[in-house]
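Participant: Provided below are the primary sequence and the corresponding predicted coordinates.
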Amino acid sequence: MHDELIIGIDLGGTNIKGALVDSGGHIISKQKAATLANTGPRAVAERISRIIGDLESQAAAAGKKVAGIGVGIPGQADQTRGTVFFAPNLHWRDVPLVEYLRSRTILPVYLENDANAAALGEQWLGAGRGSVNMVMITIGTGIGGGLILNGSLYSGTNGSAGEVGHMVIDPDGPLCSCGQRGCLETLTSATAMVRMAKEAIDQGKKTILAREENLEARDIVMAAQAEDKVALLIIDVAARYLGMGLGNVINLFNPDTIVIGGGVSKAGDILFEPLRREAVKRSLEAPARVVKIVPAELGNDAGCIGAAKLVLLTAD
Ligand code: BGC
């Protein structure tokens with residue numbers, strides 16, 4: 001295994017990322033494609049297969065073997081059947097992803113929730129190094145949660161633990177892709193921030209965001225850093241909702257570290273100050289006293305590196 005490489009895939013609501021990784025977690029090469037979830041699971045699987053094929057060829061060209069493929073998926077994985085049980089933001093239910101990928105590769109394929117994979121990555125080589133009880137939160141199309149408890153990934157009875165994004169924060173809030181109302185991810189995900197920005201623009205509020213054609217959360221972060229009032233308010237509202245969710249997480253798990261990942265986590269103090277303040281306000285004193293809330297260190301690579309770590313852990 002030490003000489004072999006691993007393929008880590010991070011299937012997101014917007015992009016599919018793939019990386020060829022060595023056993024020390026170093027990325028040898030990367031690939032990316034749009035998810036285009038509306039084209040259906042088979043077409044998405046085909047795009048993942050193409051990335052895997054390219055990375056396998058690169059490994060072969062370097063004279064290396066690939067030990068296996070780890071795939072982080074934005075939902076609950078049924079590892080025994082190799083299926084995606086439910087991925088709300090892809091609108092997938094019971095998708096036999098391993099079978100679809102199997103038609104193009106003979107390598108072993110391991111599925112895991114994307115935030116669980118990111119948690120493994122950050123614990124291995126990122127902001128969670130040395131942490132014993134760590135919670136990973138990913139802010140993207142949805143909100144993901146991954147739990148490292150007593151040093152190991154805790155995935156629950158059937159692999160669906162840590163679904164922080166579907167914690168109900170406002171029962172009368174916006175409709176969530178899971179079917180409930182007011183889930184944390186409807187209030188604080190990248191998607192939610194873009195929705196808030198569009199609402200503000202529609203209401204005629206003065207903001208530089210009105211100039212953007214395809215508004216993304218990163219534009220809101222940049223506008224907030226340039227002191228755009230609407231963008232600052234959006235980040236503040238999202239941070240406070242997230243802080244509320246984290247208060248519950250802190251009370252439940254008494255973690256030493258909460259790692260916040262996803263593009264928005266690069267926003268710095270404008271996000272982390274209200275977030276930390278609200279999280280402390282919403283949690284009990286003892287667990288609040290010890291928890292550190294920090295940005296992820298592996299950036300966009302956490303999911304792929306963690307998916308590769310999954311292969312190392314499973315194959316060991
Ligand atoms: C899903 C999670 C996933 C998260 C981030 C949520 O909607 O329920 O399983 O980790 O989105 O992709």
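Facilitator: Good, I have the coordinates.
Participant: ok, the longest helix seen in the chain near the ligand or not?
Facilitator: Of all the segments assigned as helix in the chain under DSSP state H, the longest by residue count is helix 229-253. No: using Cβ under 6 Å from any ligand atom, helix 229-253 stays clear of the ligand, with a minimum separation of 12.7 Å. For glycine as for every other residue, the C-beta is placed from the backbone atoms N, C-alpha and C.
Participant: against which helices or strands is that helix packed?
Facilitator: On a contact count with 3 or more Cβ pairs under 8 Å, 6 or more residues apart in numbering; DSSP states H and E, helix 229-253 meets strand 134-139, strand 143-149, helix 184-188, helix 190-202, helix 217-225, strand 257-261, helix 269-281, helix 285-290.
Participant: what angle separates that helix from strand 143-149?
Facilitator: Helix 229-253 runs at 30 degrees relative to strand 143-149, counting by axes from the mean of the first three to the mean of the last three Cα atoms, to 10 degrees.
Participant: buried deepest among the helices and strands packed on helix 229-253, which one?
Facilitator: For the helices and strands packed on helix 229-253, ranked by mean neighbour count under the definition mean count of other Cβ atoms under 10 Å, the leader is strand 134-139 at a mean of 30.
Participant: now stretch 73-80, how far from the chain's geometric center?
Facilitator: 13 Å (Cα atoms, centre = their mean, to the nearest Å).
Participant: could you tell me the end-to-end distance of that stretch?
Facilitator: Distance between the boundary residues of stretch 73-80 (Cα to Cα, to the nearest Å) amounts to 15 Å.
Participant: show the average pLDDT along it.
Facilitator: Mean pLDDT, taken over the full extent of stretch 73-80, equals 96.
Participant: stretch 242-254 now?
Facilitator: Stretch 242-254 shows a mean pLDDT of 98.
Participant: send me stretch 219-228 as CSV with only the CA atoms.
Facilitator: Coordinates of each C-alpha in stretch 219-228 appear next as CSV, following Å, rounded to 0.1, in the frame of the first residue of the first chain:
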residue,chain,number,x,y,z
ASP,A,219,-19.0,37.0,-4.9
ILE,A,220,-20.9,37.7,-1.6
VAL,A,221,-17.7,37.1,0.4
MET,A,222,-15.7,39.4,-1.9
ALA,A,223,-18.4,42.1,-1.8
ALA,A,224,-18.5,41.8,2.0
GLN,A,225,-14.7,42.2,2.2
ALA,A,226,-15.2,45.3,0.0
GLU,A,227,-17.7,46.5,2.7
ASP,A,228,-20.8,46.1,0.6
